[in-house]
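Colleague: here is my input, please return the structure:
(one chain, ligands or ions: 1)
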Amino acid sequence: MSYQRINIDTASPQAPEASILLIYTGGTMGMGKDESGALVPFDFQRILDNVPSLKTFNLSLTVISFEEPIDSSNVSPDHWVEISKIIADNYDDQDGFVILHGTDTMAYTASALSFMLEGLNKPVVLTGAQLPISAARSDARENLITAIEIASRRENGSPVVPEVCIYFNYFLLRGNRSKKMESSHFDAFKSENYPALAVSGVEIDFDFAAIRKVSDDSKLQLNTQLDNNIIVLKLFPGISESSVTAVLNTPGVRGVVLETFGAGNAQTAEWLTAALQTAITKGIVIFNVSQCEGGKVRQGEYETSRHLKQIGVLSGSDITTEAAVTKMMILLGKNLPQEILTKNLTNPICGEMT
Ligand code: ASP
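Modeller: The predicted structure follows:
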């Protein structure tokens, strides 16, 4: 992939207070209408022209922009690898990173990066907008300015938020706990199972107890092998045996995120238990994630989940589907022995589950 790179020193002639790398991938923030009236992503200059207040920071800002910005519905693991490599290549020179990204799949990208950037001890803040930055009522300016401020915040010489997070509409959320919940209003993201890391008002109020503790001298290590041979299977009343069997027999499939009801419950129909059991016997990992936004999977609490536990379906606790999908891609990409894979899936790696 090729990039455009620009440097903006907003501190000159003084020394900058921090160095921030902005990675512009696309999304509504920088979009404009094409001839047919559809919103398509444009280059970063459009953003800069619309945020003159960026110049009031005392920062060294480097902007790396995808040559062809994308609508985030087109994001793929290859883009995650590219973003993680940009971060790794610039890691020693930068104090923090801000990724401008479409909202549609931002929670997937944030989750993936949290697993890919092992040993991260600097802020990686994703943000975007519901309205293009050129629109008078756009939410883009506030999101961008505060995301940059959060990425550059330090206390006692260390970054305040040394983890992958999403800043949107006054809330800073842990990336791998976030979900896009709203496509019309400005409050696009929620994190039902984990508190906000910060709330922005007159001041930015950080919840220090909720922010991940990391060691200042941990070393960044990239995990860039992702295996996408996984499937999300969402149960519903009336789901047919033939469709479940077809999904589980997909050639090459190695993992299934099984979206269940309530606290991890599913139909007790014999054919379903048998189909899941056959898949598990073939070595397919089945990860139980609830369709509820809040609460967690508690396999065995109801009769309708006891059978899942008995046949070896793994509990996803309170993980989101976005984090479950990307965690599975990363762990399957490591080709771990079965017990280690099971242990890593069912235990938190970087704050994604309780
Ligand atoms: N379709 C856009 C995207 O995700 C929506 C947005 O940016 O909010 O790229």
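
Colleague: ok, residue 94 - contacts?
Modeller: 19-21, 62, 122 (C-beta atoms under 8 Å, 6 or more residues apart in numbering). (Glycine included, C-beta is placed from N, CA and C.)

Colleague: out of these, which two sit at the greatest distance?
Modeller: The two members of those with the most space between them (C-beta to C-beta) are 62 and 122, at 14.1 Å.

Colleague: out of the contacts of residue 94, which sit inside strands?
Modeller: In strands, defined here by DSSP state E, the members of these are 19-21, 62.

Colleague: TSV please, covering those and showing neighbour count, distance to residue 75 and pLDDT.
Modeller: Below are these laid out as TSV (neighbours: other C-beta atoms under 10 Å; distance: C-beta to C-beta, whole Å; pLDDT from 0 to 100):
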residue	neighbour count	distance to residue 75	pLDDT
19	17	26	95
20	26	22	96
21	25	19	96
62	19	22	92
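
Colleague: ok, stretch 166-181 near the ligand or not?
Modeller: No. Using C-beta under 6 Å from any ligand atom, stretch 166-181 never reaches the ligand; the gap is at least 8.4 Å.

Colleague: export that stretch to CSV, keeping only CA atoms.
Modeller: What follows is stretch 166-181, C-alpha atoms only, in CSV (Å, rounded to 0.1, in the frame of the first residue of the first chain):
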residue,chain,number,x,y,z
ILE,A,166,-12.1,4.7,20.7
TYR,A,167,-12.9,8.4,21.3
PHE,A,168,-16.4,9.4,20.2
ASN,A,169,-19.0,11.9,21.2
TYR,A,170,-17.3,12.9,24.5
PHE,A,171,-16.5,9.3,25.6
LEU,A,172,-13.3,7.4,25.6
LEU,A,173,-13.9,3.7,25.5
ARG,A,174,-11.7,0.7,25.5
GLY,A,175,-11.4,-0.4,21.9
ASN,A,176,-12.0,-4.1,22.4
ARG,A,177,-15.1,-3.4,24.6
SER,A,178,-16.8,-1.0,22.1
LYS,A,179,-19.6,-1.6,19.7
LYS,A,180,-21.2,0.6,17.1
MET,A,181,-24.8,1.0,18.4
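
Colleague: tell me the buried residues in it?
Modeller: 166-180 (16 or more other C-beta atoms under 10 Å).

Colleague: tell me the one of those nearest residue 11?
Modeller: residue 167 (22.1 Å).

Colleague: and the closest one, what does it touch?
Modeller: Residues in contact with residue 167 (C-beta under 8 Å, 6+ apart) are 125-127, 143, 146-147, 150, 173, 200.

Colleague: just residue 130 next, same as before
Modeller: Here residue 130 is in contact with 28, 103, 139, 183-186, 188 (criterion: C-beta under 8 Å, 6+ apart).

Colleague: A helix includes it, no?
Modeller: No. Per DSSP: H, G, I helix; E, B strand; the rest coil, residue 130 lies outside any helix segment and is coil.

Colleague: before I go, just wanted to say thanks for your time.
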